[in-house]
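> requesting a structural model of the entry that follows:
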Amino acid sequence: MCVAFSPDGKRIASGSQDRTLKVWDLETGQDMLTLDGHSDAVSGVAFSPDGMQLVSGSWDHTLKIWNMEQRAESRTLKGHTLHVECVAFSPDGKRIVSCSGDSTLKIWNVDKELEVLTLKGHSNGVLGAAFSPDGKRIVSGGGDYTLKLWNVEKGQEAITLKDHTYAVSSVAFSPDGKRLASGSYDRTVRIWDAGMVGETHTAGR
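Next comes the predicted model:
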């Protein structure tokens, strides 16, 4: 259901409907590690920027943080009331954003193991979210066909983008933070100018 590269590009983590995460060695193609702890499908996974931790989100409504050195779960984060659909670390590794079928995004403090902010604005489940490279903004995509840009410091919605005609299932910032990409069930990928916040290109069929 989800995959993520490690920061050094040597490993891939995958999450599955079999309720496990696996970490794969890209050089050998072998399964290095299986992490078992969720009680339902694993729908989101991300490495921390230093590669020492994994975060996973699940249909069991929880997030789990895994210690890669100990190869074990270090904590469980609870707060969402429906499926967790995506997870992502902030660029400094101090925060995690999660999105859920409960129509919210939540920001978590990694060290303190607690929720620090809930972002509400989507009128349907939130399917994708990502931090900007500077960690000051979050982009989210939802079942309400919209993208939203959020100001992390203020905890407020900055703008809503509405050109998709079906659920927005994936979102990403470019490495320089100047553009956004969104993928949708309307079979298109759209590229947005994150400064001007206008669509610059549409690809699809």
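> so the residue nearest to the spatial centre of the chain: helix, strand or coil?
In the chain, the centroid-proximal residue (Cα atoms, centre = their mean) is residue 87; its distance is 3.2 Å. Here residue 87 takes the strand state, with states given by DSSP: H, G, I helix; E, B strand; the rest coil.
> that one against residue 57, yeah?
Yes - counting by Cβ atoms under 8 Å, residue 87 touches residue 57, with 4.2 Å between them. The way it works is simple: take the backbone N, C-alpha and C, and place the C-beta from them, glycine included.
> quick one: least confident helix or strand in the chain?
Ranking every helix and strand in the chain by mean pLDDT, DSSP states H and E puts strand 198-204 at the bottom, with a mean of 56.
> for the chain, what are the low-confidence residue spans?
196-205 (pLDDT under 70).
> where does the nearest residue to residue 7 once chain neighbours are set aside fall, helix, sheet strand or coil?
Nearest residue to residue 7, sequence neighbours excluded (Cβ to Cβ, 6 or more residues apart in numbering): residue 51, at 4.7 Å. Recorded secondary structure, residue 51: coil (three-state DSSP).
> and residue 51, what does it touch?
By Cβ atoms under 8 Å, 6 or more residues apart in numbering, the contact set of residue 51 is 6-8, 11, 68.
> quick check on the residue of the chain most remote from its centre: phi, psi?
What lies farthest from the middle of the chain is residue 28; by Cα atoms, centre = their mean that is 27.3 Å. For residue 28, the backbone dihedrals (degrees, to the nearest 10) come out as phi -100, psi -20.
> state the distance from residue 23 to residue 41.
Residue 23 sits 18 Å away from residue 41 when distances are taken as Cβ to Cβ, to the nearest Å.
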